[in-house]
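Student: just coords:
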């Protein structure tokens, strides 16, 4: 059973940056797709960004496009989410997710991901 552990969350002022990391307990190359979702208080969990195992294909939510970048280092069994120009509306618990199934493209649906981390809190103050 693969375990995913997020880190890097915290409190930052609007306009600032954070980098989230997601470490896998085994080779991330076994997770064909890996991604990030987030859940703000009182809202449903939503897709943020994801990529396939080579990193050649990515999907990014319109709300973060141009500000967030997803990447992965399979040698380190880690996926990253670089978040720049943060806004108060980015405040949420951020979850790492992965799945070994080989999808066509990079899915944005939660149901496509069977492995999840516990989440890390990101708070952006105005």
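Tutor: Yes, it's here. Because the structure is predicted, anything quoted here is derived from the model rather than measured. Numbers count the residues shown, from 1 in each chain.
Student: and the nearest residue to residue 115 once chain neighbours are set aside, how close does it get to residue 32?
Tutor: Spatial nearest neighbour of residue 115, excluding adjacent residues (C-beta to C-beta, 6 or more residues apart in numbering): residue 98 at 4.6 Å. Every C-beta, even on glycine, is put in place using the N, C-alpha and C of the backbone. Note on residue 98: its distance to residue 32, by C-beta to C-beta, to the nearest Å, is 8 Å.
Student: more neighbours: which of the two?
Tutor: Ranked by neighbour count (other C-beta atoms under 10 Å), residue 98 and residue 32 place residue 98 first, with 24 against 16.
Student: just the pLDDT at that one, thanks.
Tutor: Listed pLDDT for residue 98 reads 94.
Student: run through the bridge partners of residue 20.
Tutor: Taking DSSP bridges as the rule, residue 20 bridges to residue 81.
Student: wasn't residue 89 part of a helix?
Tutor: Yes. Counting by DSSP: H, G, I helix; E, B strand; the rest coil, residue 89 is part of a helix.
Student: now it: how far from residue 73?
Tutor: From residue 89 across to residue 73, the span is 29 Å (C-beta to C-beta).
Student: and residue 26, by the same measure?
Tutor: Using C-beta to C-beta, residue 26 is found at 14 Å from residue 73.
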